[in-house]
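# Need a 3D model of the following:
(2 chains)
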Number of protein chains: 2
Amino acid sequence: MKVHNFSAGPSILPNSVIKEASNGILNINNSGLSLLEISHRSKDFMDIMDKATCLALKLLDLENKGYKALFLQGGASNQFLMTAYNLLENKAGYLNTGVWSTKALKEAKLFGEAVEIASSKDKNFNYIPKGYSIDSDLDYFHITTNNTIFGTQIKEIPNTSVNLVCDMSSDIFSRKIDFSKFGLIYAGAQKNMGPAGTTLVVIKEDVLGKVSRKIPSMLDYQMHIDKESMFNTPPVFAVYTSMLTLEWLDKNGGIKSIESKNNEKAELLYNAIDNNELFKGFAAKEDRSSMNATFNLVNQDHKEVFDKLSKEANINGINGHRSVGGYRASIYNALEIESVKVLVEVMNELKRKV
Amino acid sequence: MKVHNFSAGPSILPNSVIKEASNGILNINNSGLSLLEISHRSKDFMDIMDKATCLALKLLDLENKGYKALFLQGGASNQFLMTAYNLLENKAGYLNTGVWSTKALKEAKLFGEAVEIASSKDKNFNYIPKGYSIDSDLDYFHITTNNTIFGTQIKEIPNTSVNLVCDMSSDIFSRKIDFSKFGLIYAGAQKNMGPAGTTLVVIKEDVLGKVSRKIPSMLDYQMHIDKESMFNTPPVFAVYTSMLTLEWLDKNGGIKSIESKNNEKAELLYNAIDNNELFKGFAAKEDRSSMNATFNLVNQDHKEVFDKLSKEANINGINGHRSVGGYRASIYNALEIESVKVLVEVMNELKRKV
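Presented below is the predicted three-dimensional model:
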């Protein structure tokens, strides 16, 4: 029986990608060798890295616009540190929309003046702050487009002359936005792009070279650009599987096509939350994420039955994060609408039962 | 036809591990889910991480001796930086035995006084310096036990009261040494432990907490210890496959048993190099690595024939590194002696032919 995987990350990947990744481990490109045991300098792997970076730029519509794509290690957490190390000379601004932006701000403070421009902490991050102003003297302004834990998402990317830096870990490749508004975008692979173990960094090269501190090689974006993500041995398997996922997305119509599917899934789920008096949503309606829907039972007495029904329907990974409670259904690119329908049906069944 | 894989890294893994890793991607622990799409906080993965760290300490005979094992990201290159960030307050000493120790020393210099205690650069690193003295005022003394590129290996671990820090990327788990001599050992997985994408760090906890600088979370060993390698999403697949490889080693008699097999392979290969006048070894005999044998043809006119014979025998990955030239046969734990016999037979065939 099929498992309906709503896990927040590491999370669902396309079935065809999983099969191909599994095959590549047995025998890559009919070489008789496992992907895991070939040199990262071999043609087989160099082609994989090249394809992955090209596809990332193509899908984001950032080809020939001065951007480079890198596949690094260390997750978004390492980017909290690297962005500040490479870009913070005098002062940076942060929009605080949740746990991850709070952490990003904390790490940046080790390298210079990093200030919170606006925050939604007053309401446990259930909305996106608006109407703030961005001083033009900032080295950069950092935002988190999608907040996995709270289920909020920035719908309008701020307009500013300041270098815009973005943690896009949980909604990259899910919706069409003008990616050329950003100086730097980073995203851990394990939501819409691949398995845990690699991080995509997309940089406009002209934002670099403006800080006076010496940067250790492994933290230096320019070094990784110069070495085309091969300064040291890359996380071969994670890059390969990311390439497969980007190929899958490209073959299926790219971001534009997946966005309409994502919107359809989100609408179905949020309608079920809004039209079923047993449930209530967590995030402010206008800021609701199309990737992670956070909701709860109005009456906790129904929890036992709802959990039982979910389990019987083979629904996986809908427990909410401890800082919000309740439920969280992550509906990333690879999740099919059939899975959302199963969840909605369980919510309706609960209503019929109680 | 079987490929004989002498690749220097990423390199050969046991066949059973490759099969199990491939299966885990399709369905982990009969959950109906891929290893790639489950939460890193799930019991399935927490058990994997726990097993991997316990096995690492067990195999190194470091259980209950004040050590912690971590699985991090970024390879040995990130450890060049992290060791200095966490341990260098006043002055550190480095033994320079090749490309990797040169890089480690370079990164350390960004954080304090880092001095070269001895070097074998005068002879293109074809030997291990000896007879140097280690001042007792050093914060730590850094060595690289095995030099993949040059095919040298430290046979006697230095005796010193100074905290001994070691890059053991290419010979960890290959031979019995007193691992409790070290304050910190690090090793990229992609030689004897697993696929590229994770790094094992084994730390004696009491070496930490002695520097005054503030350490960013992702570079802070204490943070990773406190969070049991789960400060951020770990590289799930690389940790899983490392666990499988450590299990394989454990079931096959551990380091003691693999060491005798490794010695047998090395003896066979070095005898072939020494007893065939068409070949000459690169490294000083007493410092020869049991993991990477570097050698060359005496007469380059034979190269074409030797390369052709090697190819016909399905031998892969024996080209030497550009800084040494010639050939390098890496004979890591997972390489069976049959593969070495095939290589030796090709060397003998060349002798018969020319």
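# residue ranges for the helices of chain A, please.
Using DSSP state H, the helices of chain A run over A:15-26, A:43-59, A:75-87, A:99-108, A:221-226, A:236-251, A:254-274, A:303-312, A:337-353.
# What is the burial count for the closest residue to chain B within the stretch 201-350 of chain A?
Closest to chain B within the stretch 201-350 of chain A is A:Pro235: 3.4 Å, counting by C-beta to the nearest C-beta. The C-beta positions use only the backbone N, C-alpha and C, and glycine is treated the same way. Counted with other C-beta atoms under 10 Å in any protein chain shown, residues neighbouring A:Pro235 total 33.
# Now do the contacts for it.
A:71, A:73, A:197-198, B:73, B:196-197, B:235, B:238 (C-beta atoms under 8 Å, 6 or more residues apart in numbering or on different chains).
# Which residue, other than its chain neighbours, is closest to it?
Nearest residue to A:Pro235, sequence neighbours excluded (C-beta to C-beta, 6 or more residues apart in numbering or on different chains): B:Gly197, at 3.4 Å.
# Around the one you found, how many other residues sit close by?
Using other C-beta under 10 Å, the number of residues around B:Gly197 comes to 34.
# Torsion angles phi and psi at it?
Note on B:Gly197: its backbone torsions stand at phi 130, psi -10 [degrees, to the nearest 10].
# What is the neighbour count of the residue found closest to A:Pro195 once you drop the neighbours it is linked to in the chain?
Computed as C-beta to C-beta, 6+ apart, the closest residue to A:Pro195 that is not its neighbour in sequence is B:Leu36, at 4.1 Å. Number of residues near B:Leu36 (other C-beta under 10 Å) recorded here: 28.
# B:Leu36 contacts B:Ile25, doesn't it?
Yes. With contact defined as C-beta atoms under 8 Å, B:Leu36 reaches B:Ile25; the gap is 6.1 Å.
# Determine the residues that are contacts of both of these two.
Common neighbours of B:Leu36 and B:Ile25 (criterion: C-beta under 8 Å, 6+ apart): A:18, A:21, B:237.
# Just name the closest of those residues to A:Lys311, please.
Using C-beta to C-beta, A:Ile18 is the member of the shared contacts of B:Leu36 and B:Ile25 that sits closest to A:Lys311, with 23.1 Å.
# out of everything not next to it in sequence, what's closest to that closest one?
For A:Ile18, the closest residue by C-beta to C-beta, 6+ apart turns out to be B:Ser34, at 4.9 Å.
# Enumerate every residue touching that neighbour.
For B:Ser34, the contact set (C-beta under 8 Å, 6+ apart) comprises A:13, A:18, B:24-28.
# again, only using 10 Å
Residues near B:Ser34 by C-beta atoms under 10 Å, 6 or more residues apart in numbering or on different chains: A:3, A:5, A:10, A:12-13, A:15, A:17-19, A:21-22, A:195, B:24-28, B:237.
# Of these, keep whichever come out buried.
Among these, those classed as buried by 16 or more other C-beta atoms under 10 Å in any protein chain shown are A:3, A:5, A:10, A:12-13, A:17-18, A:21-22, A:195, B:24-26, B:28, B:237.
# Neighbours of the residue lying closest to A:Ala52 once chain neighbours are set aside, how many?
The shortest distance from A:Ala52 to any non-neighbouring residue, by C-beta to C-beta, 6+ apart, is to A:Met243 (3.8 Å). Number of residues near A:Met243 (other C-beta under 10 Å) recorded here: 26.
# Next one: A:Met243 relative to A:Thr233, how far apart?
Using C-beta to C-beta, to the nearest Å, we find A:Met243 at a distance of 17 Å from A:Thr233.
# Same check on A:Leu55?
Here A:Leu55 is placed at a distance of 21 Å from A:Thr233 (C-beta to C-beta).
# So between the two, which is more surrounded?
A:Thr233 (23 against 19).
# per-residue pLDDT, the closest residue to that one other than its chain neighbours?
What sits nearest to A:Thr233 in space, not counting adjacent residues and going by C-beta to C-beta, 6+ apart, is B:Ala196, at 4.7 Å. Reported pLDDT at B:Ala196 in the predicted model: 98.
# Go ahead and confirm B:Ala196 touches A:Met230.
No. Using C-beta atoms under 10 Å, B:Ala196 is not in contact with A:Met230, being 11.3 Å away.
# Look at these two and report which has more neighbours.
Per other C-beta under 10 Å, whichever of B:Ala196 and A:Met230 has more neighbours is B:Ala196, with 28 against 15.
# give me phi/psi at the more buried one?
Dihedral pair for B:Ala196: phi -60, psi 150, per degrees, to the nearest 10.
# do the same with A:Gly32
phi 80, psi 0.
# ok, how many other residues are close to A:Lys181?
A:Lys181 has 13 nearby residues by other C-beta under 10 Å.
# distance of it from A:Ser289?
19 Å.
# I'm done for today, thanks for sticking with me.
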